[in-house]
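Undergrad: starting from these lines, generate the structure:
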Amino acid sequence: MLKRTSYPTVGIIGGSGLDEIDGLRKIHWRKINSPFGKPSDHLCFGELEGIQFVFLPRHGRGHYIPPTEINFLANIDALKRAGVTDIISLSAVGSFKKDLPPGKFVLVDQFIDRTFSRVKSFFGKGCVAHVSMAEPVSKQLGKIILSACKDSKISIRSGGTYLAIEGPQFSTIAESLLYKNWGCSVIGMTNMPEAKLAREAEMGYATVAMVTDFDCWHHDHENVSVAQIMKIFSKNVDKAKKLIRSLPGKIKKYPWDWNDPVYFSLDNAIITSPKKINGKLAKKLDAVAGRVLKKSNK
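TA: Below you'll find the predicted structure:
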């Protein structure tokens, strides 16, 4: 694992091609093995104005892994092993609000998890842990994202709730209206349990939700379709690249706080007695929870 520096090492989880950014240097793809299985793809390492970036295509290059079959544990574990300290998720979403039209970006600050068939924790029998998800998004990442969007003239809304569904099907009208009435801002299929696992791994996490459609609640617009999504998505990717390109300058100006509680999420979270901790599971958790497990064994 890389040593922590004065600047964060930023992981970017999103679609293929986000690594194709002007000025990105020392680009190389590397296979990172994880005890939790196979990540979605090799990781792409690069440097942009002295800031280290690590890119991971969430669905694999060529988009061949559906949302439910993404190995979220392996993805987060691999990024942790690669030295990533903070993760920015770039995700296509549907909108529940008229003032969040296709093309708009949203800096999400809350999540509702409606997925039901995914493994949602690194921990389990033999090592039980409970982390807080009250404030699931890194405020530090949020600040630099908003500032970078402003400089890049990218329209972004600060704050909003991301509703995560299992998929791969889109919502029914009844479901869409229900989620809208709940006060949700956007809907997607990938940010849960991703955000939960990032918190367990003591990594900062922030979602830039890129609106591609109005889901199916809006009667004045067509029901969501893949063709409609891809038409807007390509434009959003270009804006996402501009956002990433602006991040290094903002990071360098920002006094990074390594005492942020997000980097110590596991302090007092593991409640299993050291004598009862399963050795095999503890070994798998060496990257995610090694910091606290080593202390408990002393």
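Undergrad: partners of the helix or strand containing residue 88, with directions?
TA: Assessed by DSSP states H and E, residue 88 sits inside strand 86-95. With DSSP bridges as the test, strand 86-95 is paired with strand 10-14 (parallel), strand 186-188 (antiparallel), strand 204-213 (parallel).
Undergrad: and stretch 35-54, end to end?
TA: The first residue of stretch 35-54 is 20 Å away from its last residue (C-alpha to C-alpha, to the nearest Å).
Undergrad: list the beta-bridge partners for residue 161.
TA: residue 110.
Undergrad: list the contacts of it.
TA: 108-112, 182-186 (C-beta atoms under 8 Å, 6 or more residues apart in numbering). Heads up, the C-betas are built off the backbone N, CA and C, glycines and all.
Undergrad: which of those count as buried?
TA: 108-111, 184-186 (16 or more other C-beta atoms under 10 Å).
Undergrad: out of those residues, who's nearest residue 77?
TA: residue 111 (20.3 Å; C-beta to C-beta).
Undergrad: which one of the buried ones among the contacts of residue 161 is nearest to residue 210?
TA: Distances from residue 210 to the buried ones among the contacts of residue 161, taken by C-beta to C-beta, are shortest for residue 186, at 9.2 Å.
Undergrad: a markdown table please, covering the strands paired with strand 86-95 and showing mean pLDDT and distance to residue 239.
TA: Supplementary listing: the strands paired with strand 86-95 in a markdown table, determined by pLDDT from 0 to 100; distance: least, C-beta to C-beta, whole Å:
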| stretch | mean pLDDT | distance to residue 239 |
| --- | --- | --- |
| strand 10-14 | 97 | 12 |
| strand 186-188 | 97 | 16 |
| strand 204-213 | 96 | 8 |
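Undergrad: now the ones you listed as JSON lines including distance to residue 66?
TA: JSON lines is the format used below for the strands paired with strand 86-95 (distance: least, C-beta to C-beta, whole Å):
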{"stretch": "strand 10-14", "distance to residue 66": "16"}
{"stretch": "strand 186-188", "distance to residue 66": "13"}
{"stretch": "strand 204-213", "distance to residue 66": "17"}
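Undergrad: thinking again about what came up before, and the strand holding residue 88, how far from the chain's centre?
TA: 7 Å (C-alpha atoms, centre = their mean, to the nearest Å).
Undergrad: can you list the residue ranges for strands in the protein?
TA: 10-14, 25-30, 43-48, 51-57, 86-95, 105-107, 110-113, 156-158, 161-164, 186-188, 204-213 (DSSP state E).
Undergrad: which of those strands sits closest to residue 124?
TA: Per C-beta to C-beta, nearest to residue 124 of these: strand 110-113, 17.7 Å.
Undergrad: show the contacting residues for residue 119.
TA: 72-73, 193.
Undergrad: relative to residue 57, which of those residues is nearest.
TA: residue 72 (13.8 Å).
Undergrad: ok, the closest one - how many residues close by?
TA: By the measure other C-beta atoms under 10 Å, the count of residues near residue 72 is 28.
Undergrad: these two touch, right, it and residue 197?
TA: Yes. Using C-beta atoms under 8 Å, residue 72 makes contact with residue 197 at a distance of 5.6 Å.
Undergrad: how about the nearest residue to the residue nearest the centre of the chain, chain neighbours excluded?
TA: By C-alpha atoms, centre = their mean, the chain has its centre lying nearest to residue 89, at 3.6 Å. Once flanking residues are discounted, residue 89 sits nearest to residue 207: 4.5 Å by C-beta to C-beta, 6 or more residues apart in numbering.
Undergrad: also residue 250?
TA: Closest to residue 250 by C-beta to C-beta, 6+ apart is residue 144, at 4.2 Å.
Undergrad: just give me the neighbour total for the one you found.
TA: Neighbour count for residue 144, taken as other C-beta under 10 Å: 25.
Undergrad: noted, bye for now.
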